[in-house]
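Q: test case, fold it:
(one chain, ligands or ions: 1)
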Amino acid sequence: MSKNTAALITDRAGHTPKIGLVLGSGLGSLVEAIEDPVSIPYSDLPGFPQPTVSGHSGALVIGTLSGIAVAVLSGRAHYYEEGRADAMRFALEVLKGVGVETLVLTNSAGSLNPEAPPGSVMMISDHLNLAGANPLIGEPSDDRFVGMTTAYDAELRAAAERAAKSEDIALSSGVYAWFSGPSFETPAEIRMARILGADAVGMSTVPEVILARFLGLRVLAFSVITNMAAGITGAELSHNETKEMAPKGGAKLVQLLRHLIGGLP
Ligand code: HPA
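A: Numbering: from 1, shown residues only. You can find the predicted model right below:
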């Protein structure tokens, strides 16, 4: 099935991208940076998720960024929408079928680390799966035993550090903790996550990283920090704040990605 969809997309787009991008909440502006875009709504792609979250549009956009062909999943499905950790499996299988070898994941996140303030970008160096769900539950093959020791590709991270330096963008690096959502965390959960080594918290990305590694894709991931995590400032959190703040850090991330993608190994 994913092969048929991949063939349909390749026919329509006329590009064979090796780089895939997944856009997080409020980061849809990255799509505007894509040149010669061919946009296919998820509703035209059977098996693709139909996002229910405001700030997520739901289209596969194929075009170029810095002259390099890319396939962008603008809009993702989250575990909290239907309780399925594997909601993005088909879409990621299709990206692989189209020729994608490297997946760049983005999200909006709350920060536990004063060195990653709202409006900044954090590169994910590792994760904590605090949601307890796994997208490979039910997968029958032995491939389900995916090694996660080097999930966040060291070579790609080094390239991102270099790109950030050249563009003069402050890029922190840290551990992302996945909570299921959709309610935000409590201050006690954030204190726990801090003790466990988290630098940022969010409701996505981790299942996609697991799926991407299962599919043999190289992974690089970034969090746009939209707020300090629950209890740190005392302010209540909201999805509106996420949507309002994401474009700020999102603009820095687009600048970083333009530079990075031009020179990826
Ligand atoms: N927690 C979880 N997800 C988020 C947050 C947060 O504080 N901010 C943006 N997405």
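
Q: from now on I want contacts and neighbour counts done on CA atoms only, so please keep to that.
A: Will do.

Q: the stretch 101-250 of the chain: helices as residue ranges?
A: Along the stretch 101-250 of the chain, counting by DSSP state H, counting those that start in this stretch, helices occupy 154-167, 187-196, 206-214, 239-262.

Q: and these: which comes nearest the ligand?
A: Evaluated over those, closeness to the ligand peaks at helix 239-262, with 5.3 Å, by CA to the nearest ligand atom.

Q: say whether the ligand is contacted by the closest one.
A: Yes - interface with the ligand: helix 239-262 contributes Thr242 (CA under 6 Å from any ligand atom).

Q: could you list every residue that touches the closest residue to Arg258 other than its chain neighbours?
A: Residue nearest to Arg258 in three dimensions, not counting chain neighbours: Ser66, with 5.7 Å by CA to CA, 6 or more residues apart in numbering. For Ser66, the contact set (CA atoms under 8 Å, 6 or more residues apart in numbering) comprises Arg258, His259, Ile261, Gly262.

Q: buried ones from these, can you make that a ChimeraX selection?
A: The ChimeraX selection below is limited to those of these classed as buried (16 or more other CA atoms under 10 Å):
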select :258,259,261
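
Q: quick check, nearest of the contacts of Ser66 to Gly99?
A: Taking CA to CA as the measure, Gly99 lies nearest Ile261 of those, at 15.9 Å.

Q: per-residue pLDDT, the closest one?
A: Ile261 is assigned a pLDDT of 92 by the prediction.

Q: can you put the contacts of Ser66 in JSON lines and add distance to Gly181?
A: As requested, the contacts of Ser66 are exported to JSON lines (distance: CA to CA, whole Å):
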{"residue": "Arg258", "distance to Gly181": "31"}
{"residue": "His259", "distance to Gly181": "33"}
{"residue": "Ile261", "distance to Gly181": "31"}
{"residue": "Gly262", "distance to Gly181": "35"}
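
Q: show me what from the stretch 151-265 of the chain comes close to the ligand.
A: So far as CA under 6 Å from any ligand atom goes, the stretch 151-265 of the chain lies against the ligand at Phe184, Val201, Gly202, Met203, Thr226, Asn227, Ala229, Thr242.

Q: brain fart, the stretch 1-150 of the chain
A: Within reach of the ligand by CA under 6 Å from any ligand atom, the stretch 1-150 of the chain has these residues: Ser108, Ala109, Gly110.

Q: the first one: neighbouring residues, count only.
A: Right, the one you point to is Ser108. Each residue near Ser108 was counted by other CA atoms under 10 Å, and the total is 31.

Q: ok, the residue nearest to it when sequence neighbours are not counted - contacts?
A: Leaving out its chain neighbours, the residue that sits closest to Ser108 by CA to CA, 6+ apart is Val224, at 4.7 Å. By CA under 8 Å, 6+ apart, Val224 lies in contact with 106-109, 118-122, 246, 249-250, 253.

Q: now with 10 Å, please.
A: 24-27, 106-111, 116-123, 200, 242, 245-253 (CA atoms under 10 Å, 6 or more residues apart in numbering).

Q: can you show me the strands along the chain?
A: Ranges of strands in the chain, per DSSP state E, are 19-23, 35-41, 59-65, 68-74, 102-111, 121-129, 171-178, 200-202, 218-228.
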